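**Q** Sequence first, then the predicted structure:
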Amino acid sequence: MSKKLTKSSKNVRVGVLGSGSFATAIVKMLAENCKTVNWCVRNEFVKGAIEQRGHNPTYLTTVSFNLKKLQITTDINELVSNSDVIILAVPSIYLAESMEKMTCEYQDKLFCSAIKGIVPKHNDIVAHYLKDQFKIGFKNQAVIAGPCHAEEVAMERLSYLTVAVAQKEDAEVLQNILSSDYIKVNTSCDILGNEYSAILKNIYAIGAGIASGLGYGDNFIAVYVSNAIREMETFLEAIYPEKRDVNDSAYLGDLIVTAYSLFSRNRNLGNLIGKGYTVKSAIQSMSMVAEGYYATKGIYSICEEKKLKLPIINAVYDILYEGKSAEKQFAKLTDRLT
């Protein structure tokens with residue numbers, strides 16, 4: 001990895017791609033420790049609004065920024081050229097569109113994904129997409145996992161992150177630039193495991209929301225989540241065998257908060273479907289992207305390829321993509337959970 005990351009955390013040049021809620025939360029975290037944060041936002045309107053008002057005009061609007069600490073741009077090449085660490089925090093459906101505009105040198109940069117979804121255009125996770133399309137190896141990649149809702153970061157409620165990265169030195173730098181009084185950062189070397197688990201928990205959260213919308217209570221949701229973490233472990237072992245404990249906060253903790261929290265956009269999407277909304281109308285009614293919807297198709301195809309029998313994944317897929325009745329699919333699911 002780049003020798004530049006041996007700098008003190010205050011002097012590491014760091015950039016964030018994205019201007020949604022989690023991107024905004026990450027910029028807030030970084031501003032606690034870094035002299036300057038490079039921030040590539042969606043368009044000139046967002047850029048101008050932040051520069052004029054000192055806050056994101058659409059997401060986490062209560063978070064005020066010291067504009068002297070921000071270098072805001074709409075050009076990914078400017079962002080990458082001026083950063084040693086680039087944190088990717090756009091919805092997965094927009095990642096390829098953003099990255100394809102990158103024409104500058106990016107060797108020896110550390111690309112850190114805070115994206116919890118499948119890249120639809122390539123039907124693959126971000127780690128593989130970066131490696132296959134841009135020759136960015138795993139030594140130049142990192143993954144940020146939860147449990148950490150952007151809304152609670154905005155309120156400075158104690159939150160936890162796990163940073164998965166190949167090299168110890170890079171892990172220490174990321175830990176230093178993200179940590180604060182209200183952010184605790186753990187480290188891991190399970191890059192692919194953390195990324196897949198972050199994707200899976202969004203799918204399971206949709207299912208938890210569907211169950212809630214259908215009127216299932218806490219007792220069922222507890223059994224559901226218990227089965228979901230076992231499904232996750234089965235999937236991870238089949239895809240990427242590694243010494244890991246799925247009871248760690250990056251796996252189980254992130255699953256629990258996403259399945260239960262009212263801040264969870266994936267749970268909220270499922271809740272609408274459970275209450276009778278069509279999948280299309282539920283998606284259209286949401287102001288933010290629910291990554292789990294797009295992830296379900298990609299994860300289901302991997303399960304088919306690997307001949308994995310995962311009842312919850314199958315049920316959510318059938319509801320979202322096959323138009324099957326949520327009520328009937330969950331009635332069947334209740335007999336398969338233990």
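**A** Perfect, thanks for sending it.
**Q** So Glu100 versus Gly274, what's the distance?
**A** 37 Å (CB to CB, to the nearest Å). Yep, even glycine has a C-beta here, placed from its N, CA and C like the rest.
**Q** Between these two, point out the one with more neighbours.
**A** Gly274 (24 against 12; other CB atoms under 10 Å).
**Q** if I pick that one, what's in contact with it?
**A** Contact analysis of Gly274 by CB atoms under 8 Å, 6 or more residues apart in numbering lists 209-215, 326.
**Q** ok, now which ones touch Glu32?
**A** Glu32 neighbours (CB under 8 Å, 6+ apart): 180, 183.
**Q** pLDDT value on it, please?
**A** The per-residue pLDDT reported for Glu32 equals 95.
**Q** Can you report phi and psi for it?
**A** phi -70, psi -30 (degrees, to the nearest 10).
**Q** how far away is it from Asn66?
**A** Distance, Glu32 to Asn66, by CB to CB: 10 Å.
**Q** again, but for Val12
**A** Counting by CB to CB, the gap from Val12 to Asn66 is 18 Å.
**Q** follow-up on the earlier one: for Cys189, state which of the contacts of Gly274 is nearest.
**A** Here the nearest of these to Cys189, counting by CB to CB, is Gly209; it sits at 32.2 Å.
**Q** The closest one contacts Leu269, correct?
**A** Yes. Using CB atoms under 8 Å, Gly209 is in contact with Leu269, at 6.3 Å.
**Q** For the stretch 151-300 of the chain, which segments count as strands?
**A** Along the stretch 151-300 of the chain, counting by DSSP state E, counting those that start in this stretch, strands occupy 159-165, 183-188.
**Q** by how many degrees do the shortest one and strand 159-165 diverge?
**A** Okay, so that is strand 183-188. Relative orientation of strand 183-188 versus strand 159-165 (axes from the mean of the first three to the mean of the last three CA atoms, to 10 degrees): 30 degrees.
**Q** Go ahead and name everything in contact with strand 183-188.
**A** Applying CB under 8 Å, 6+ apart, the external contacts of strand 183-188 come out as 29, 32, 148, 153, 158-165, 171-172, 174-175, 178-179, 194, 248-250.
**Q** Can you list the buried residues in it?
**A** By 16 or more other CB atoms under 10 Å, the buried positions in strand 183-188 come out as 183-185, 187-188.
**Q** hmm, which two among those are most spread apart?
**A** Spatial extent of the buried residues of strand 183-188 (CB to CB) is set by the pair Ile183 and Ser188 at 16.1 Å.
**Q** pretty sure Ile72 is touching Trp39, no?
**A** Yes. Assessed by CB under 8 Å, Ile72 is found in contact with Trp39 at 5.0 Å.
**Q** who's more crowded, those two?
**A** When Ile72 and Trp39 are compared for neighbours, Trp39 comes out ahead with 30 against 20, by other CB under 10 Å.
**Q** wait, is that one part of a strand?
**A** Yes. With DSSP: H, G, I helix; E, B strand; the rest coil as the criterion, Trp39 is assigned to a strand.
**Q** can you pull up the bridge partners for it?
**A** Beta bridges link Trp39 to Val16, Ile72, judged by DSSP bridges.
**Q** How about the contacts made by it?
**A** Contacts of Trp39 (CB under 8 Å, 6+ apart): 15-16, 19, 27, 50, 70-73, 79.
**Q** Against Thr187, how distant is the one residue sitting closest to the centre of the chain?
**A** In the chain, the C-alpha nearest the mean C-alpha coordinate belongs to Lys116, at 2.8 Å (CA atoms, centre = their mean). Distance, Lys116 to Thr187, using CB to CB: 18 Å.
**Q** do the same with Tyr106
**A** For Tyr106, the distance to Thr187 equals 24 Å [CB to CB].
**Q** same deal with Gly292?
**A** For Gly292 relative to Thr187 (CB to CB), the value is 26 Å.
**Q** What of Val85?
**A** 15 Å.
**Q** So this protein: which segments form each domain?
**A** Following automatic domain parsing, one finds the domains of the chain at 3-189, 193-334.
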